[in-house]
Every structure is written in structure tokens, then in C-alpha cells.
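> how would this look folded up:
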Amino acid sequence: FRNSKITGATYGIHFDGSTSGRIVIENCDITGWTSFASTITNVAITDTDFLNGNYNQLRFYQNAQMTNCTFNPDMTIDFGKNEVDAEFTDCSVTDGSPLTDVIYLGDIVEMGVDVTINDEPVIVEAKVADNNGDNASYFLVLQEALNAAQANQTVTVLQDITLDQTATIAAGKEVVLDLNGKTISQTKAQTTGYEMILNDGNLTIVDNTTEKLGKISYTDSGNGGQYVSNTITNRGTITVKSGTIENLSSQTVATNGYPYAIDSSIWGSAAEVNTNVEGGKVHGATYSAIRLRADSTTEPVNVTVTGGEIVGTIEVQNPNSAVAGKGTLKISGGKLSNSGTANVLFFFGSGASGENIVAEVTGGEFTGNITMSTGAYIGDGFNKNFITGGTFSIDVNDYCAPGYICVLNDNGTYGIIPGLMGD
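Got it, this is the predicted structure:
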């Protein structure tokens, strides 16, 4: 077809069947549904405008090449056959919107279609769907999916993603993020405070694959300094159910700065902060895995561990020198470990009373030390006798609650039983 104007109330060009062959369209105006039978092997369209009509649909069942074509913004380009290739060169939408706005991105994901625009592959990073899988939408950029997600929906990661800036979850937003066995990562040489993900909303992290190898991984490749360099800064509520959150920054960064895997702090937020670990893994390779920074006298910062694995330290900080910050650490399960004799729990402060910070350990497996900093003690009001259960690699009698004692188990670990010292 050359130099033609083809207008249909329903169909523009529609091949319902053929034995084989190739379709070539050049310099045409087409209105109406346009598609080609799957037995046709190739379609090439050049210098052609797809105009607005009753049915704005272009569907390919075969490999296709489109060059210098324009589409009305109500157009939908989709695919009826798995694993076909579609190449778009110098094509555009008449209202100036991105060409990907008129391409159904779901076919790239669900049907394995390869789409290139000016020789660049179209990569779909995430989808948003109801928790039962219905009403799926697809997004080229993870942040767009995080913005679009509503309550009772899940954002599923579809590719390994390298972030080039901070991903954010806004206050009031409820997001379930399924890592889906993929890795969200970033490596940056920082010179100021930074976080790869900033959560001001309610973020739940899962990996619904069988292997559960999904990761959120951050590395500060610089030299560090007197600032945080976090994988996740949490100023809302975060719940880790599966997958891994890790900060792999170097020892140099850890020596000079503060690279946390999850940093829980008010940091200007108006509401309480909650970090919940129910499963998965939180790993601080060279520094604390989780910080509880009790930096408000009105809104508490809470860290609760009921399962999963913490590799590194849980750090409880009372940062203000003049006021008693509020915070709660509760551990009833999970595995907490650190290398050698390093701390699994570390408590310190800046001189103010620790009366508003509460720690409770009723269970869990601990491999590593528990330390109350003597140089910057968490505060005289803090009750350091907070352990009533759990299994430990060291004797923790100094931290047992009244009515409980630490005893040596047959396997060399230490357990907690009801009793009094001297029994």
C-alpha cells in the first residue's frame, strides 16, 4: 500500500487470513482497527499516520518495523503472538507524549515481546496489580509504580533495577513491594547524607518467589563522613517479611560515617516510626544493620523483631543531650548475629535520661555481644534488665529482668529461666 488514505468505521487494514507473505505500507493515512493474520511473516510501515477513529488499535501477530510514523494519543499498539519483535524508528505521538504511552507494556512482560525504540530496548521495571493479581498496570520506572500503587495493591519488581536517585514512598501511602527474586541496587560515592530508599509511608517488603533471593542492596563507594549513607531511611512504618535488605559499604565508609541498612528515626516526621522484621534478612556488612534513633520526646521510634535474620548490630541511640527521647525495642524471635565478638545489641546516648526508652527481649537467637556504652551511656533512667527469654552466645545475667537468670546449656549456648541469682 502506497500513498493511500484508508478509512474504516471499524477496520482500517485487517487481514483475517493468509498463507504467508509480507505487508508493506508506505506514506498512508489509516483510520480504524489495523491488524494482520499471524500467518503473515512480516509487516513494515513507513511514513504513515494513524488517525483518530472509532477503533484506535494496531495489533501485530508477527515481527514488525515501523519508521517515521505518527499515532493519535488514543491509539493502542499491542501484540497477539508471543515473542515477536517490534522495531520503532523516529515514530511519535501527535500530542508529544512518549511513544510508550500508546504501546501496551503488559505484552512485553507477559508475552515476551521485544520492543525497541530507536534501537533502545523498552524495559518494564515494575507492575502494579490488586493483591489477587487483577487490574495490572505496567511501568517503565519503579518510582512511577510506587506512586501509582493504592491500598490492597502490590508493586512487583520485574527486572533487576539500578537506581540513579532515591526512591520514595510518600506519607500516607501504603505499598506492598514484591521483590520477585530481583535486585534493586545502587552504588554511589556520597559526600553528604543520603538514602537509597526513603519511606514516609507504610511499606511492606516481601519476596513471593520460592527461593526468596530478592534484594535491596546499597553501596556507598566513597570514603564516608559525618553523615548517614543508608539503604533505607524509615520515617514511617516498614515491615520486612522476606527478601534481603543490605548495606555493603566499605569499612572506610563505616569508620568515617554511618552506613545503616535500615535507619529508623523521626528526622522531622510528625508521626511515630515503626520498623518490623518478621522474616527475610537485614544485613549491615560493616556497620549497624538497624538503628533505633529515639530523637523525639512525643513520638516514639519502635523496632520490633519477631522473625527473620539480622546480621550486624541493632543500635539503640538516645541522641539528645537535654531531653529524653522515646523509643521501644522488642525482640521475641529471629536470629541476630555479628562477626566474632562484635555487638548484636548496642545502647548509647548523649547524656539525657533514658527513661523513655524501653527494651524487651523475650526470645530469639543471639550470637554476639550486648553492650551499654560507658562513654556515652544511654541514660540513667534506662532499665538495662530487660531479658526474659532467648538463646545467647554469652552470659547475659547482667541484663536479665528480676526473677530470671542466665544458665549454660549443654550445647554451649546460654538460656534464660525463671530464678534468682544463687539458685
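> what is the nearest residue to residue 22 once chain neighbours are set aside paired to in the beta sheet?
Once its chain neighbours are removed from consideration, residue 22 has its nearest residue in residue 42; the separation is 4.6 Å (Cβ to Cβ, 6 or more residues apart in numbering). Heads up, the C-betas are built off the backbone N, CA and C, glycines and all. Following DSSP bridges, residue 42 is listed with bridge partners residue 22, residue 63.
> quick one: contacts for residue 42?
Under the criterion of Cβ atoms under 8 Å, 6 or more residues apart in numbering, the contact partners of residue 42 comprise 22-23, 62-65.
> Between the residues you listed, which sits nearest residue 181?
Sorting those by how near they are to residue 181, with Cβ to Cβ, puts residue 63 at the top with 29.8 Å.
> quick one: that closest one and residue 47, what's the gap?
Taking Cβ to Cβ, to the nearest Å as the measure, residue 63 and residue 47 are separated by 19 Å.
> Between these two, point out the one with more neighbours.
Just comparing residue 63 and residue 47: by other Cβ atoms under 10 Å the higher neighbour count belongs to residue 63, 18 against 15.
> in terms of contact, does the more buried one touch residue 84 like I think?
Yes: the pair formed by residue 63 and residue 84 meets the contact definition of Cβ atoms under 8 Å, at 5.4 Å.
> all helices of the stretch 201-350 of the chain, in order?
For the stretch 201-350 of the chain, the helices defined by DSSP state H, counting those that start in this stretch occupy 251-256.
> what about it, any weak spots by pLDDT?
Counting by pLDDT under 70, the stretch 201-350 of the chain contains low-confidence residues at 268-270.
> Once you drop chain neighbours, what's closest to residue 399?
Across the structure, with Cβ to Cβ, 6+ apart as the measure, the residue nearest residue 399 apart from its sequence neighbours is residue 387 (4.9 Å).
> Specify the beta-bridge partners of the one you found.
Each beta-bridge partner of residue 387 is listed here: residue 361, residue 400, as defined by DSSP bridges.
> Residue numbering should commence at 16 henceforth.
In the new numbering, first residue 16, that becomes residue 402.
> how deep is it tucked in, by neighbour count?
When neighbours are counted by other Cβ under 10 Å, residue 402 registers 24.
> Report the contact partners of it.
So residue 402 contacts 376, 411, 414-416, 419, 421, 431 (Cβ under 8 Å, 6+ apart).
> most neighbours, which of these?
With neighbours defined as other Cβ under 10 Å, the most crowded of those is residue 376; it has 25 neighbours.
> give the contact list for it.
With contact set as Cβ under 8 Å, 6+ apart, residue 376 has these partners: 345-347, 401-405, 414.
> Could you work out the most separated pair of these?
Maximum distance among the contacts of residue 376 (Cβ to Cβ): 15.8 Å, for 347 and 414.
> any chance you could map the strands in the stretch 266-415 of the chain?
In the stretch 266-415 of the chain, the strands defined using DSSP state E, counting those that start in this stretch lie at 277-280, 288-292, 296-299, 305-308, 316-320, 324-326, 329-333, 342-346, 350-352, 358-364, 372-376, 380-382, 384-387, 406-407.
> and the last one, what does it pack onto?
Spelled out, it's strand 406-407. With contacts defined as 3 or more Cβ pairs under 8 Å, 6 or more residues apart in numbering; DSSP states H and E, the packing partners of strand 406-407 are strand 380-382, strand 429-433.
> how close does the closest residue to residue 396 other than its chain neighbours sit to residue 315?
Computed as Cβ to Cβ, 6+ apart, the closest residue to residue 396 that is not its neighbour in sequence is residue 370, at 2.9 Å. Distance, residue 370 to residue 315, using Cβ to Cβ: 13 Å.
> How about residue 86?
According to Cβ to Cβ, residue 86 stands 54 Å off from residue 315.
> of these two, who's got more company?
Neighbour comparison, residue 86 and residue 315: the larger count goes to residue 86, with 27 against 19 (by other Cβ under 10 Å).
> can you pull the contacts of the more buried one?
65, 73, 92, 106-109, 114, 117.
> Equivalent analysis for residue 359, please.
Taking Cβ under 8 Å, 6+ apart as the criterion, residue 359 is in contact with 325, 328-329, 351-353, 381-385.
> 6 Å instead, please
Listed by Cβ atoms under 6 Å, 6 or more residues apart in numbering, the contact partners of residue 359 are 351, 353, 381, 383.
> what's the distance between it and residue 320?
Between residue 359 and residue 320 the distance is 11 Å, computed by Cβ to Cβ.
> same deal with residue 106?
For residue 106, the distance to residue 320 equals 53 Å [Cβ to Cβ].
> Three-state assignment for residue 210, please.
Local secondary structure at residue 210 is given as strand here, using DSSP: H, G, I helix; E, B strand; the rest coil.
> ok, now how distant is it from residue 282?
The value you get for residue 210 to residue 282, if Cβ to Cβ is used, is 10 Å.
> What is the burial count for residue 91?
Using other Cβ under 10 Å as the criterion, residue 91 is surrounded by 14 other residues.
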